[in-house]
Each structure stands twice: as structure tokens, then as C-alpha cells.
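> return atomic coordinates for the entry below.
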Amino acid sequence: MALTTSDGLGLVRKYGAADSWLAVLVTLRESGEPAVSVVNSGIVRHPVTGAEVVAFVARGNTAKTRYLRRHPQATLVFRAGWEWVSVEGEVTLAGPDDPLDGLDTEGLRKLLRDIYLAAGGQHDDLDEYDRVMASERRTAVLLSPRRFRTNPAGTEHQEHG
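As a prediction, this is how the structure comes out:
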């Protein structure tokens, strides 16, 4: 079932909050086959456009960042029990190895922190968090929602027997 952006982001908020903001990430390998991982994601404002995006933080030189550099499209799936919503779209990377026009070093530090907090993160020492993010060359992955899908109305799972 296709949803409006507002409705889709509402379901992302609902299901994300219900399951520690965990989402299944689907990207494409070099071969074109799907690659799947689990990430903590949250909703933030794009630091350049101001539009709401679904975002997560990735280590700088992982398979997922390499895949996203080659094919900047992804799907994230959030679920709570048997209810789910997927969000598909183009991704923008922002990090020390993926400079984003209009985002300086301080802006990147703030963006990484904003994503962490939006994805339910809590840290006793956010300055230490910032240092670790910089030393690990962490990258912000910003997914601009293009399409949402969810359970059709009336298909809620019910246990039988």
C-alpha cells in the first residue's frame, strides 16, 4: 500500500520508537544482488535542504558505504510486531570520505549527533561520542523518502489455534 510522505514518516516514527529504532537496510552489492543489514535509524532534517529524511550512521569504509557510493538507493524497513513500513529512496552520504556541499566539519559533527539522538541513542559524554565518530570516519546516510509501503488495511496478523 503506497502512503503519503507524512503518513509514511508517521509510521516510521511509530514503529521505529516501538523497536529501538532498529531497521533492516537493503542495498545492492556490486553484482546487483541485495545486501541486508540492521541499523539504528531516525528521522532528522537534511542539513542542506531542510527536508525530513530517514538517517543512520555508518562506519566510513564498510561494505554498506561502498555499496551506497556505487548505487545511492536504499530501502529501510521498520517493524513492530507484525506491522511494518518500508521507505525507499535516494541516499546522500555526508562524512570525512564523502563531503557534502554546504556541510562543514562542525555541521557534520552536529548531524552525526542529531542522527544518533533521533535513533534513540543516549550517551553520558557526547564530546567523547563526537571524538569516536571522527576517529572512525563515520558517515551520515540520509535517505530521502520517495516511496513508502506497509501492510494493507485489514491484514493485521492474528494468531490462530
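> okay, CA-based contacts and neighbour counts for the rest of this
OK.
> which strands or helices does the lowest-mean-pLDDT helix or strand in the chain pack on?
When the helices and strands of the chain are scored by mean pLDDT, DSSP states H and E, helix 126-135 comes last with a mean of 92. Identification of packing neighbours for helix 126-135 by 3 or more Cα pairs under 8 Å, 6 or more residues apart in numbering; DSSP states H and E yields helix 105-118.
> which parts of the helix it packs on are buried?
Within helix 105-118, the residues scored as buried using 16 or more other Cα atoms under 10 Å are L108, R109, L111, L112, R113, D114, I115, Y116, L117, A118.
> just want the most central residue of this structure.
A55 (3.2 Å; Cα atoms, centre = their mean).
> ok so, going back, can you tell me what sits against the least confident helix or strand of the chain?
Contacts to helix 126-135, defined as Cα atoms under 8 Å, 6 or more residues apart in numbering, come from residues R109, L112, R113, H123.
> helix 105-118 and that helix, what's the angle between them?
When axes from the mean of the first three to the mean of the last three Cα atoms, to 10 degrees is applied, the directions of helix 126-135 and helix 105-118 differ by 110 degrees.
> the helix or strand just after helix 126-135: which residues count as buried?
Counting by DSSP states H and E, the next helix or strand C-terminal to helix 126-135 is strand 139-150. In terms of neighbour count (16+ other Cα under 10 Å), strand 139-150 has its buried residues at T139, A140, V141, L142, L143, S144, P145, R147, F148, R149, T150.
> what bridges to the third one?
As for beta bridges, V141 partners with F56, L93 under DSSP bridges.
> for it, give me its contacts.
Here V141 is in contact with A55, F56, V57, A58, V91, T92, L93, A94 (Cα under 8 Å, 6+ apart).
> ok, back up a step: turn the contacts of helix 126-135 into JSON lines, including distance to R45 and pLDDT.
Formatted as JSON lines, the contacts of helix 126-135 follow (distance: Cα to Cα, whole Å; pLDDT from 0 to 100):
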{"residue": "R109", "distance to R45": "14", "pLDDT": "95"}
{"residue": "L112", "distance to R45": "12", "pLDDT": "95"}
{"residue": "R113", "distance to R45": "12", "pLDDT": "95"}
{"residue": "H123", "distance to R45": "21", "pLDDT": "84"}
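> what inclination does the least confident helix or strand of the chain have with respect to strand 139-150?
On the basis of the same axes, to 10 degrees, helix 126-135 is oriented at 100 degrees to strand 139-150.
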